[in-house]
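*Asks:* dropping a prediction and its sequence here:
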Amino acid sequence: MVLLTAPPLLEASHLACGYDQRPVLSDLDLKVNAGDFLGIIGPNGAGKSTLLRVLAGVLAPLRGSVCLLGRPLREYRRREVARLLAVVPAPSTPVFSFTVREFVAMGRTPHLGRFQSERAEDWRVVEEALAAADLAPLEQRLITELSAGEWQRANVARALAQQPRLLLLDEPTAFLDLGHQREIFEMLVDLNRTRGLTVVCVSHDLNLAAEYCPRLAVLAEGTLYAEGPPEQVITAENITSVYRAPVQVDRGPSGRPRVTLLSESALREGRRP
């Protein structure tokens with residue numbers, strides 16, 4: 001009896017990507033299986049956002065390939081891709097005065113025909129997305145009147161309205177306070193656990209990534225520097241080398257790694273990593 005193994009949900013092979021034929025990342029291999037919660041970390045300029053754009057099919061690779069469900073991403077039509085994966089971009093300021101409900105309903109576009117209006121099923125999905133992001137009480141509020149945390153939850157809700165299997169997020173907690181950072185990541189963990197939604201999240205915050213992501217990929221100097229559970233990836237040696245800054249790594253209350261940047265005074269006093 002031959003057992004067939006399902007292909008990864010998303011797979012990058014020998015990937016080189018960048019701009020104007022100048023590679024930002026080179027010869028990168030990465031697999032994302034269904035149900036994964038992967039955090040992508042690395043210093044500024046390491047190529048995290050560029051990688052996310054290539055994985056989403058927004059930017060074509062210079063070399064190598066990206067496959068979605070075992071099929072080259074370039075063979076999909078954009079509407080097909082949008083039904084399988086959704087992107088939550090880095091935080092920005094809303095410009096147009098849509099209501100929250102109208103904005104979230106835009107996530108149904110990949111499921112509608114040209115000039116077709118939302119059907120009862122579409123509004124049901126919108127209601128579910130609003131509820132998942134805890135935005136139902138605010139559905140008639142203008143998005144220009146939302147707080148930063150509420151606006152970011154609206155972006156997640158619009159992505160959920162696409163009914164994707166994979167959610168790609170670029171710095172979803174940038175510029176948010178601690179409470180809203182926790183709120184966003186707790187929501188992502190719940191979606192991953194209860195709905196089986198696969199999550200790939202770029203983050204600058206090492207401690208948030210270590211606390212919430214069961215698996216991490218570290219980018220540095222155009223390559224995949226390290227990959228694995230936070231306990232294996234977040235070490236003083238790795239972080240000091242990649243970020244070129246001295247750190248101390250211990251364990252937080254949850255047992256996950258916790259990174260502390262060491263100041264010059266701390267180093268002078270002998271508190272070395």
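*Replies:* Nice, I can see it.
*Asks:* going forward, measure contacts between C-alpha atoms and count neighbours the same way
*Replies:* Noted.
*Asks:* just confirm Pro137 is within a helix.
*Replies:* Yes. Under DSSP: H, G, I helix; E, B strand; the rest coil, Pro137 sits within a helix.
*Asks:* and it, what pLDDT?
*Replies:* On pLDDT, Pro137 comes in at 96.
*Asks:* could you do Ala105 as well?
*Replies:* Looking at Ala105, its pLDDT reads 96.
*Asks:* can you tell me which helix or strand of the chain has the lowest average pLDDT?
*Replies:* The helix or strand of the chain with the poorest confidence is helix 264-268; it has a mean of 74 (mean pLDDT, DSSP states H and E).
*Asks:* gap between that helix and the chain center?
*Replies:* Centroid separation for helix 264-268 versus its chain: 35 Å, with Cα atoms, centre = their mean, to the nearest Å.
*Asks:* could you do stretch 160-170 as well?
*Replies:* How far stretch 160-170 lies from its chain's middle: 9 Å, per Cα atoms, centre = their mean.
*Asks:* low-confidence ranges in the stretch 51-200 of the chain?
*Replies:* For the stretch 51-200 of the chain, no stretch has pLDDT under 70.
*Asks:* so which residues of it form strands?
*Replies:* Applying DSSP state E, counting those that start in this stretch to the stretch 51-200 of the chain gives strands spanning 63-68, 71-72, 85-88, 166-170, 198-202.
*Asks:* figure out which of the ones you listed is closest to Thr144.
*Replies:* Taking Cα to Cα, strand 85-88 is the member of the strands of the stretch 51-200 of the chain nearest to Thr144, at 17.7 Å.
*Asks:* for Glu128, which non-adjacent residue is spatially closest?
*Replies:* Once flanking residues are discounted, Glu128 sits nearest to Ala161: 8.0 Å by Cα to Cα, 6 or more residues apart in numbering.
*Asks:* convert stretch 85-98 to PDB, retaining C-alpha atoms only.
*Replies:* Extracted in PDB, the C-alpha atoms of stretch 85-98 (Å, rounded to 0.1, in the frame of the first residue of the first chain):
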ATOM      1  CA  LEU A  85      -4.400  33.100   0.600                       C
ATOM      2  CA  ALA A  86      -5.000  36.600   2.000                       C
ATOM      3  CA  VAL A  87      -2.500  39.300   2.900                       C
ATOM      4  CA  VAL A  88      -2.600  41.700   5.800                       C
ATOM      5  CA  PRO A  89      -0.200  44.500   4.900                       C
ATOM      6  CA  ALA A  90       1.900  46.600   7.200                       C
ATOM      7  CA  PRO A  91      -0.200  49.100   9.100                       C
ATOM      8  CA  SER A  92      -1.200  52.300   7.200                       C
ATOM      9  CA  THR A  93      -3.700  55.100   7.700                       C
ATOM     10  CA  PRO A  94      -7.200  54.600   6.200                       C
ATOM     11  CA  VAL A  95      -8.100  57.200   3.600                       C
ATOM     12  CA  PHE A  96     -11.600  56.600   2.400                       C
ATOM     13  CA  SER A  97     -14.600  56.800   4.700                       C
ATOM     14  CA  PHE A  98     -16.100  53.300   4.300                       C
END
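*Asks:* buried stuff in that stretch?
*Replies:* Residues Leu85, Ala86, Val87, Val88, Pro89, Ala90, Pro91 are the ones in stretch 85-98 that count as buried (16 or more other Cα atoms under 10 Å).
*Asks:* what's the answer for stretch 196-216, then?
*Replies:* For stretch 196-216, a neighbour-count test (16+ other Cα under 10 Å) marks 196-204, 206-216 as buried.
*Asks:* number of nearby residues for Ala154?
*Replies:* Neighbour count of Ala154, defined by other Cα atoms under 10 Å: 26.
*Asks:* enumerate every residue touching it.
*Replies:* With contacts defined as Cα atoms under 8 Å, 6 or more residues apart in numbering, Ala154 is in contact with Val100, Phe103, Val104, Leu130, Ala133, Leu135.
*Asks:* closest one of these to Gly64?
*Replies:* Of all the contacts of Ala154, Val104 has the smallest distance to Gly64: 34.5 Å, by Cα to Cα.
*Asks:* how close does the closest one get to Met187?
*Replies:* Per Cα to Cα, to the nearest Å, Val104 is found 16 Å from Met187.
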